[in-house]
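**Q** with the sequence up front, the predicted model follows.
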There are 4 protein chains.
Amino acid sequence: MTKDLSHAREPWKAFQVRQRNLDEKRDAVLLSAAHLFLERGYRQASMSELARLLKITKPALYYYFRNKEEILVACYKAGITVIETLLDGAATHGTGLDKIRAYVEAYTTAVVMHDFGRCVAMLDDAELSTRTRQQVRNLKRKIDATMRAYIEEGIADGSIAVPDAKIASFAMAGAINWIGIWYKPGGPLSASEIASQFATLFVDGLRTRAAVPVRQQNSAR
Amino acid sequence: MTKDLSHAREPWKAFQVRQRNLDEKRDAVLLSAAHLFLERGYRQASMSELARLLKITKPALYYYFRNKEEILVACYKAGITVIETLLDGAATHGTGLDKIRAYVEAYTTAVVMHDFGRCVAMLDDAELSTRTRQQVRNLKRKIDATMRAYIEEGIADGSIAVPDAKIASFAMAGAINWIGIWYKPGGPLSASEIASQFATLFVDGLRTRAAVPVRQQNSAR
Amino acid sequence: MTKDLSHAREPWKAFQVRQRNLDEKRDAVLLSAAHLFLERGYRQASMSELARLLKITKPALYYYFRNKEEILVACYKAGITVIETLLDGAATHGTGLDKIRAYVEAYTTAVVMHDFGRCVAMLDDAELSTRTRQQVRNLKRKIDATMRAYIEEGIADGSIAVPDAKIASFAMAGAINWIGIWYKPGGPLSASEIASQFATLFVDGLRTRAAVPVRQQNSAR
Amino acid sequence: MTKDLSHAREPWKAFQVRQRNLDEKRDAVLLSAAHLFLERGYRQASMSELARLLKITKPALYYYFRNKEEILVACYKAGITVIETLLDGAATHGTGLDKIRAYVEAYTTAVVMHDFGRCVAMLDDAELSTRTRQQVRNLKRKIDATMRAYIEEGIADGSIAVPDAKIASFAMAGAINWIGIWYKPGGPLSASEIASQFATLFVDGLRTRAAVPVRQQNSAR
DNA sequence: CATGAATGAGAGTTCATTCAT
DNA sequence: TATGAATGAACTCTCATTCAT
């Protein structure tokens, strides 16, 4: 773990040689914090440990952030940006099924690739200020709503057949959010591999599709 | 004599009663604890609050359990039992696909229906003693291994087609474990509904199966 | 100072022999706290020092009071009681001048004789909760209003002659509140002596009354 | 040459300017500090807030003053000057009563009109260095001693009649020092009004003097 | 069996002060 | 002259745990 954070510490090392700007260090704090929050949970992650990881003193943290919660909020905000960016970039043409496949892939990528994304997905928002909690919940609601809308759309255009859009959307979001629990960066699975296989699993299920006649399948694409 | 005898047996009987009382209260503690742990998280759940909920004093808790961790361990153990029981009861005949469908339904049910099951699924095992953590991890590994084995079996018997059993199994486990985050007992969704729809989603995916010839489709169920 | 607090520590000493009740110890904490607050000021008085004085550990204080402010509030409340009791007991017959003399004596006594009274008189109420601050301010307002009313009454009945009841009342209250700065219990001046001389000074002023012919009065300036 | 000379003098001139600048800014710091100390109390007044008020950075304060205490000391010193000046200017002819009236008026004026004066009157000298504390205490002792001397003088020359010069002097000083608690500059009461009414109150008391027959005086006590 | 009372360790936070520049 | 950045010490408060009874 300490090793993982080494690059986050870089700015301080560099500082001794030449002064870097405040934002860079703030970002370094943020990166380490996100990492620590994910590892220990927000409450268990102590400012002392964070400071130790960054090789600075505890009060120095308070130079960059007013308090612990502000760090959490900043992690969430960064995560929201990451996720929204990827989600906005997802393809939105084709059938409902096509759309949801793209959407699931994008969201999975956001969660797999960025600590900040994982913070949004996994951390308890109970510690947040009312304002930021609203933002986070809005984002999550929006994600859920979009997925449901695509499912409904797919049902309407005949590309999707499920009994309940809500449960399906919960299942998918859950599987993706849970990635943070088992995924360790640098492991054998690449982000895009995970994203694509998750999408495939949700789209096609486990069952062999052997006998599906080609011409009926997915005529829109 | 009879009287004497009964008299002599009394302490023993009393012990049984007391024993039962103790067990009963231990269980009550456990139930409340599981609830609290799920609501607040293990670390945020304070012994004071647990005592307050149970309307006993704090030290009384220490009569029933040596310490906080022992309570957590007991919750996990109870959860393991619940899950294993349901998992053992799942049908294991038919194709690999049939088996995994039954397995997913059973695991989902365990997680949805019991606080203890949810404890195993959701609580961080980092707080556990090495011994119990091993047990928990073994269980989870076993669940994962079983799911993978069924998937492989399905691939072998032609009922399943996925590129990677491991990722598929992670996705399913994640979706199920995540249920604890959004599921509130007493809501509009029944446990069996959730379980069955989860199973269906994973088996068939979102995509419409329109042209699948009847005789190939899941004749076992 | 430590010596002064020795009787406040008594309950703990006695505790080792025989258990006393919670209220007694709460009171002991309060007494020591009032003393310390007066000596150092509320903010400078640390919980550590308070604990040290009482020969208990810091967290033990939190068994008796939820937090530091609650201790302050309790001091204020005790002080309010002391002052109101003495004020209510003050004679209220005769002329306005008679009444204010009695009132000043009573208030002075309250401030001189009790640490709690001095707390109300001297401590900054800025640290209080809104609720208690209201109470304290109401008390002070009431005291001021009563004094002014008596002065007006005296002016009306011819016993008092001052240009401004407000300034006179401020001057008297100030002189009394300030006692806490210089008065040290156990000194050469008794509480009743101070109270009576204060009252006399305000009633009669410094000027000799004996032989002053009416028409000569104030000729010096 | 002239040019050269002026050039040569430049540094010197610049120094004078800079010196004046420094003194000016030091004074500005002092003024703000006095204000802040009076508002919050010395300890609660933080260097950060002082810097913010002055729109300079925190370390800049340390250019003008070695540390926080030195600022306090300077405030006290300025206050001592203010008070001594006014006190020295007070009339010292006539009876003891005349003198004390003038003295009280002068001291009141000093406290009402100047933040620095109020600092001396109100701030706790416990934070001062031994040296400055001595100075402050000497000043206060001198004020007290002077008041007592005037009272004794008045007693001797028959213009004053009080049982105890010490208590009377404490009462007067207290009433005046307390002014800082309630007086807000810009309020309805002018400084001279307050000063004159305070003096009158202490000199004449509340009691109506006009019709008091000589033989009835003080019969109540 | 159960409790009132207490503790040690550690949390987040603030602040006067000081480097290096 | 003046600053951005950092620190050490101190503070209030919380919590799992444990005596003595």
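**A** Cool, got the structure.
**Q** confirm that A:Gly94 sits in a strand.
**A** No: with DSSP: H, G, I helix; E, B strand; the rest coil as the criterion, A:Gly94 is coil rather than part of a strand.
**Q** and the pLDDT for it?
**A** Note for A:Gly94: predicted pLDDT of 93.
**Q** what about it, neighbour count?
**A** The local packing of A:Gly94 (other CB atoms under 10 Å in any protein chain shown) involves 17 other residues. In short, each C-beta sits where N, CA and C put it, glycine included.
**Q** and it, backbone torsions?
**A** Per-residue torsions, A:Gly94: phi 90, psi -160 (degrees, to the nearest 10).
**Q** could you check how far it is from A:Asp157?
**A** 9 Å (CB to CB, to the nearest Å).
**Q** near chain B, anything from the strand or helix carrying A:Leu201?
**A** Using DSSP states H and E, the element containing A:Leu201 is helix A:191-204. Yes: Helix A:191-204 lies within reach of chain B by CB under 8 Å from any CB of the partner chain, at A:193-194, A:197-198, A:200-204.
**Q** okay, the angle between that helix and helix B:191-204?
**A** For helix A:191-204 against helix B:191-204, the angle by axes from the mean of the first three to the mean of the last three CA atoms, to 10 degrees is 110 degrees.
**Q** which elements pack onto the helix or strand where A:Met172 lies?
**A** Assigned by DSSP H and E, A:Met172 belongs to helix A:165-177. Under the contact criterion of 3 or more CB pairs under 8 Å, 6 or more residues apart in numbering or on different chains; DSSP states H and E, helix A:165-177 touches helix A:96-113, helix A:115-122, helix A:130-157, helix A:191-204, helix B:165-182, helix B:191-204.
**Q** counting neighbours, which bits of the longest one end up buried?
**A** To tie it back to what came earlier, the one meant is helix A:130-157. By neighbour count with 16 or more other CB atoms under 10 Å in any protein chain shown, helix A:130-157 contains the buried residues A:132, A:135-136, A:139-140, A:143-144, A:146-151, A:153-155, A:157.
**Q** before we move on, back to that, could I get the helices and strands packed on helix A:165-177 as a markdown table with distance to DNA strand E?
**A** Listed next are the helices and strands packed on helix A:165-177 as a markdown table, based on distance: least, CB to the nearest atom of the strand, whole Å:
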| stretch | distance to DNA strand E |
| --- | --- |
| helix A:96-113 | 25 |
| helix A:115-122 | 16 |
| helix A:130-157 | 15 |
| helix A:191-204 | 30 |
| helix B:165-182 | 24 |
| helix B:191-204 | 34 |
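**Q** turn these into a markdown table, including distance to C:Val120.
**A** As requested, the helices and strands packed on helix A:165-177 are exported to a markdown table (distance: least, CB to CB, whole Å):
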| stretch | distance to C:Val120 |
| --- | --- |
| helix A:96-113 | 59 |
| helix A:115-122 | 50 |
| helix A:130-157 | 37 |
| helix A:191-204 | 66 |
| helix B:165-182 | 52 |
| helix B:191-204 | 61 |
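**Q** pull out the buried positions in stretch A:107-124.
**A** A:107-123.
**Q** and if you look at stretch A:84-99?
**A** A:86-87, A:90, A:94-99.
**Q** quick check: A:Leu189 is in a helix.
**A** No: counting by three-state DSSP, one finds A:Leu189 to be coil, located in no helix.
**Q** next, count neighbours for it.
**A** Number of residues near A:Leu189 (other CB under 10 Å) recorded here: 17.
**Q** repeat that for A:Lys58.
**A** 13.
**Q** okay, A:Asn138: pLDDT?
**A** Model confidence at A:Asn138, given as pLDDT, is 93.
**Q** and the residue lying closest to A:Thr92 once chain neighbours are set aside, what does it touch?
**A** Distances taken as CB to CB, 6 or more residues apart in numbering or on different chains place A:Lys99 nearest to A:Thr92, at 5.5 Å, with adjacent residues excluded. If you count contacts by CB atoms under 8 Å, 6 or more residues apart in numbering or on different chains, A:Lys99 has them with A:90-93, A:150, A:153-154.
**Q** at 7 Å what do you get?
**A** With contact set as CB atoms under 7 Å, 6 or more residues apart in numbering or on different chains, A:Lys99 has these partners: A:92, A:150, A:153.
**Q** could you tell me the angle between the strand or helix carrying A:Lys25 and helix A:115-122?
**A** Remark: A:Lys25 resides in helix A:22-40, with elements defined by DSSP H and E. Helix A:22-40 runs at 40 degrees relative to helix A:115-122, counting by the same axes, to 10 degrees.
**Q** put the alpha carbons of helix A:22-40 into PDB.
**A** Extracted in PDB, the C-alpha atoms of helix A:22-40 (Å, rounded to 0.1, in the frame of the first residue of the first chain):
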ATOM      1  CA  LEU A  22      -0.400  24.500  -4.400                       C
ATOM      2  CA  ASP A  23      -2.900  22.700  -6.700                       C
ATOM      3  CA  GLU A  24      -0.400  20.000  -7.400                       C
ATOM      4  CA  LYS A  25       0.000  19.200  -3.800                       C
ATOM      5  CA  ARG A  26      -3.600  19.500  -3.100                       C
ATOM      6  CA  ASP A  27      -4.100  16.900  -5.800                       C
ATOM      7  CA  ALA A  28      -1.400  14.700  -4.200                       C
ATOM      8  CA  VAL A  29      -3.300  14.900  -0.900                       C
ATOM      9  CA  LEU A  30      -6.500  14.100  -2.700                       C
ATOM     10  CA  LEU A  31      -5.000  11.100  -4.400                       C
ATOM     11  CA  SER A  32      -3.600   9.600  -1.300                       C
ATOM     12  CA  ALA A  33      -6.700  10.400   0.600                       C
ATOM     13  CA  ALA A  34      -8.900   8.600  -2.000                       C
ATOM     14  CA  HIS A  35      -6.700   5.600  -1.800                       C
ATOM     15  CA  LEU A  36      -6.700   5.600   2.000                       C
ATOM     16  CA  PHE A  37     -10.500   6.100   2.200                       C
ATOM     17  CA  LEU A  38     -11.000   3.200  -0.200                       C
ATOM     18  CA  GLU A  39      -8.700   1.000   1.800                       C
ATOM     19  CA  ARG A  40      -9.900   1.800   5.300                       C
END
